[in-house]
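Visitor: Fold the following and give me the result.
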Amino acid sequence: MMFLTSSQIRRPSGTTSSLEQPWRYAIGFGLALLFVGSSGWAADPNQPGDSVATSEGPLAIHPINHARLALLWKGKTILVDPVGSVSLYAGLPKPDLILITHLHSDHFNKDTLAGLTSPATVLVAPPTVFEQMPADLRPRTTTLTNGQAYQVLDLGIAAVPAYNTTTVRLNFHPKGRDNGYVLTLGGKRVYLSGDTEDTPEMRGLKDIDLAFVCMNLPYTMEVPQAAQAVRTFHPKVVYPYHCRNSNLEEFKKLVGADPTIEVRLRNWYASKP
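Guide: Numbering: from 1, shown residues only. Okay, here's the model as predicted:
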């Protein structure tokens, strides 16, 4: 992974968050304290989610569907690739941050964004997504290309290349167009793969505490590819996601019995799209 100098980091101007209100902080903190090993979540705060400790409080992780998830930290709500019915997110406060990895319809939908965002929501996306953004969302969208970084809402966001490497799959996700992301928050590093194969950039990731790694054919990669990548960059916790019709037990077996990598299998298809 390429390391960025301070001159390469894009910083916001005057960005504020409505979630600094104490009552909303309490909601996020309360959700983050709920720990589970259950399947699926439809953005209902009465449903528990997983939790990871950070130096600034717990980070709550909620699978929603396919490539969609919610992260709650320090009273902030972060959505990744929200698409589908807005009702899937009905239990959440309006998001402070939305990350979009690329322009495919299972990752980017204008109507979903229109129904979810507030004037305070910050969006981060690659340029090809920005080009298709509604006009009212463009002023609040920061574009990141592969290798760029951004600091907002007390967390860092680095755009990691996401692309296909197998010849018959190159047309799905060409190199240089789409993003994965590494978030840095509360001393933890969280990797969101987006749609990709086991690229050199993925295998070269360092010090990842929590990883969400895709695996499904024909669009991303095979289970053995994903397992080998995980064994190489060695996250402390990994969630297979974007994994329709994939054998997750095989993935867990191939990652192996290494006690320093925790594989968390969750049902990403419990809720309707």
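
Visitor: number of nearby residues for L265?
Guide: As a burial measure, L265 scores 15 neighbours (other CB atoms under 10 Å). Placement of C-beta: from N, CA and C, glycine included.

Visitor: How about V122?
Guide: Other residues lying near V122 total 22 when counted by other CB under 10 Å.

Visitor: now do V152
Guide: The number of residues packed near V152 is 17, by other CB under 10 Å.

Visitor: right, and it touches V122 too?
Guide: Yes. Between V152 and V122 a contact is recorded at 5.6 Å, counting by CB atoms under 8 Å.

Visitor: quick one: V190 and D209 touch, right?
Guide: Yes. V190 lies in contact with D209 (CB under 8 Å); the separation is 6.7 Å.

Visitor: of these two, who's got more company?
Guide: Each of V190 and D209 has its neighbours counted (other CB under 10 Å); V190 has more, 26 against 19.

Visitor: In which helix or strand does the more buried one reside?
Guide: Using DSSP states H and E, V190 sits within strand 188-192.

Visitor: what's in contact with that strand?
Guide: By CB atoms under 8 Å, 6 or more residues apart in numbering, the residues outside strand 188-192 that reach it are 52, 54-55, 59, 71, 80, 99, 101, 160, 180-184, 205, 207-213, 235.

Visitor: quick one, helices of the stretch 1-150 of the chain?
Guide: Taking DSSP state H, counting those that start in this stretch to define them, one finds helices in the stretch 1-150 of the chain at 22-32, 110-116, 127-130.

Visitor: The last one packs against which elements?
Guide: In other words, helix 127-130. On a contact count with 3 or more CB pairs under 8 Å, 6 or more residues apart in numbering; DSSP states H and E, helix 127-130 meets strand 141-143.

Visitor: Let me see the mean pLDDT of the strand it packs on.
Guide: The average pLDDT within strand 141-143 is 97.

Visitor: got it, and stretch 154-170?
Guide: On average, stretch 154-170 scores 94.

Visitor: Only the C-alpha atoms, please, for it, written as PDB.
Guide: C-alpha atoms of stretch 154-170 as PDB (Å, rounded to 0.1, in the frame of the first residue of the first chain):
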ATOM      1  CA  ASP A 154     -12.200  12.800  13.400                       C
ATOM      2  CA  LEU A 155     -11.300   9.900  11.100                       C
ATOM      3  CA  GLY A 156      -9.000   9.400   8.200                       C
ATOM      4  CA  ILE A 157     -10.100   7.900   4.800                       C
ATOM      5  CA  ALA A 158      -7.600   6.500   2.300                       C
ATOM      6  CA  ALA A 159      -8.700   5.300  -1.100                       C
ATOM      7  CA  VAL A 160      -7.200   1.900  -2.000                       C
ATOM      8  CA  PRO A 161      -7.300   0.500  -5.600                       C
ATOM      9  CA  ALA A 162     -10.100  -2.000  -6.200                       C
ATOM     10  CA  TYR A 163     -10.000  -3.900  -9.600                       C
ATOM     11  CA  ASN A 164     -10.100  -7.200 -11.300                       C
ATOM     12  CA  THR A 165      -6.900  -9.000 -12.300                       C
ATOM     13  CA  THR A 166      -8.200 -12.200 -13.900                       C
ATOM     14  CA  THR A 167      -8.400 -11.800 -17.700                       C
ATOM     15  CA  VAL A 168     -12.000 -12.900 -18.100                       C
ATOM     16  CA  ARG A 169     -13.100 -10.400 -15.400                       C
ATOM     17  CA  LEU A 170     -11.200  -7.300 -16.400                       C
END
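
Visitor: List the buried residues in stretch 239-257.
Guide: Residues 239-243, 246, 248, 251-252, 254-255 are the ones in stretch 239-257 that count as buried (16 or more other CB atoms under 10 Å).
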